[in-house]
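Peer 1: Got a sequence here, can you model it:
(one chain, ligands or ions: 2)
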Amino acid sequence: MSESTAVSGQNTIQESFLKRITALEAENRGLSDELETTRVEREEVRAKLFESLIANKKYLREVERLKKENAQLKRMPLFLATAIEVGEDYVLLRQHGNNQEFITTAPPELFGKIEPNTRVAVNNSLTIVRVLDRSLDVRAKVMELVEAPDVSYNQVGGLEAQIQEVRETVELPLTNPEIFAEIGIEPPRGVLLYGLPGTGKTMLAKAVAHESKATFIHMSGSELVHKFIGEGAQLVRDIFQMAREKAPSIIFIDEIDAVGSIRTHDGTTGSAEVNRTMMQLLAEMDGFRTRGDIKIIAATNRIDILDPALLRPGRFDRIIEIPMPGLEGRHKILEIHAAKMKRAEDVDLFEIAKETEGASGADLKAIVVEAGMNALRRNVTSVGRNDFECAIKKVLGDEVQGSEEAMRMFS
Ligand SMILES: Nc1ncnc2c1ncn2[C@@H]1O[C@H](COP(=O)(O)OP(=O)(O)OP(=O)(O)O)[C@@H](O)[C@H]1O
Ligand SMILES: [Mg+2]
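Peer 2: Ligands and ions are numbered 1, 2, ... in the order given. So this is what the prediction gives:
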């Protein structure tokens, strides 16, 4: 091999190395550019992710709000409509009562169940919230409301004066209508009982029906509004019709505030429905003026929000307060509920009555039941003083604590 050939060989190698180096440098530059781009992109993605997280939080809050609103809407009065046409993403409805037609949508879970002639419940903003059973037979529903209560006056403790008043206004005209005819006065038509929860209003109404052997029709204002959606007025008509057929009868309207409160007069369609029910009720109440054999007992624990139309003289003959039981009353109520209970020597119901100031009849009943449970847990056959003490703490405990807290806050 000559020297020149060796040199040229070296040059070629050098050249090829140089070329390779240049190529690698170019590749390196390309890669760092790419790295930079990726870095920028990563920053962008990170920023977007951050934004999404913020948006997500916002949506979660919105979902919470909507859930609450939805629950609220479901609690508001609903009214009835019939589907006329069901399209791909809309439902054409005709509203009962005013015959107005409108197009609305339904939540996906209800959409499949709606076909022409399906009856649905819509809320104030005309959204479908429930699909109703097609064969909701109002007459059948009325029949369900007829009860034969099994409560006598001596099971009601501490309300002697109130029982007396209800007997005069409701029982006497049912059992001895001739007395009123003789004296020549119009027999009273009904009473309104009002008072705190658990004081015995429902119980008293049942006792009157039982003792006067009248048909007892029990309807609840909140059911009229929430269960018999859109049929409240019709149901009221049917109830009075049934009462006439089965006279002598007592119509008991529990929670009358649900249909007869001033709050519902806010001009919305749902409240219009409630008002129709209420108007029908007033009309029926005025309608049987001359008949002596149907009586109305209504009850509420919110007399403060009742429509004055209901309280006007001539609607209810007496408005009777059912008070919280006093000491004597509590003693009586405890005796009634503990009548069949085996009690230990150390149990003095009068002492217990003294310790339970502020308890309602329902609370006292709960105390007796709880004391019995305590004895059962101890595996003994008679209920002792301590069982009662623990029961009082359990049933009234929270209330006492709550009021103590309130006292601290205001002192
Ligand atoms: N005066 C009472 N004498 C005996 N038991 C009572 C009395 N008051 C309440 N109770 C007991 O409490 C239970 C609930 O009472 P009731 O349903 O009559 O109360 P209410 O006044 O109608 O309450 P609400 O306003 O919540 O409807 C009764 O079933 C009964 O066991
Ligand atoms: Mg009641």
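Peer 1: now Ile322: how far from ligand 2?
Peer 2: Using C-beta to the ion, to the nearest Å, we find Ile322 at a distance of 10 Å from ligand 2. The C-beta positions use only the backbone N, C-alpha and C, and glycine is treated the same way.
Peer 1: So for Ile303, what's the pLDDT?
Peer 2: Listed pLDDT for Ile303 reads 88.
Peer 1: I figured it hits Tyr194, correct?
Peer 2: Yes. At 4.1 Å, Ile303 counts as touching Tyr194 under the criterion of C-beta atoms under 8 Å.
Peer 1: Looking at the two now, which is surrounded by more residues?
Peer 2: Taking neighbours as other C-beta atoms under 10 Å, Ile303 and Tyr194 compare with Tyr194 leading, 21 against 17.
Peer 1: Secondary structure class of the nearest residue to Ala209 once chain neighbours are set aside, three-state.
Peer 2: Excluding its sequence neighbours, the residue lying closest to Ala209 (C-beta to C-beta, 6 or more residues apart in numbering) is Phe216, at 3.6 Å. With DSSP: H, G, I helix; E, B strand; the rest coil as the basis, Phe216 sits in strand.
Peer 1: if we can go back for a sec, which neighbours do Ile303 and Tyr194 have in common?
Peer 2: Common neighbours of Ile303 and Tyr194 are listed as Ile319 (criterion: C-beta atoms under 8 Å, 6 or more residues apart in numbering).
Peer 1: and the protein, which residues reach ligand 1?
Peer 2: 156-159, 197-203, 299, 301, 333, 336, 361-362, 365 (C-beta under 6 Å from any ligand atom).
Peer 1: how deep is Glu147 tucked in, by neighbour count?
Peer 2: For Glu147, using other C-beta under 10 Å, the count is 14.
Peer 1: low-confidence ranges in the chain?
Peer 2: Applying pLDDT under 70 to the chain picks out residues 1-3, 72-76, 97, 133-144, 227-230, 262-273, 288-292, 398-411.
Peer 1: Up against ligand 2, what does the stretch 1-150 of the chain have?
Peer 2: Applying C-beta under 5 Å from the ion, one finds that the stretch 1-150 of the chain does not approach ligand 2 at all.
Peer 1: Relative to ligand 2, which residue of the stretch 1-150 of the chain is the closest?
Peer 2: Pro149 (12.5 Å; C-beta to the ion).
Peer 1: ok, that residue touching Phe216?
Peer 2: Yes. Under the criterion of C-beta under 8 Å, Pro149 makes contact with Phe216 at 5.5 Å.
Peer 1: returning to that earlier point: helix, strand or coil: sort out the residue of the stretch 1-150 of the chain closest to ligand 2 for me.
Peer 2: coil.
Peer 1: all numbers from here: first residue = 278
Peer 2: Got it, first residue is 278 now, which makes that one Pro426.
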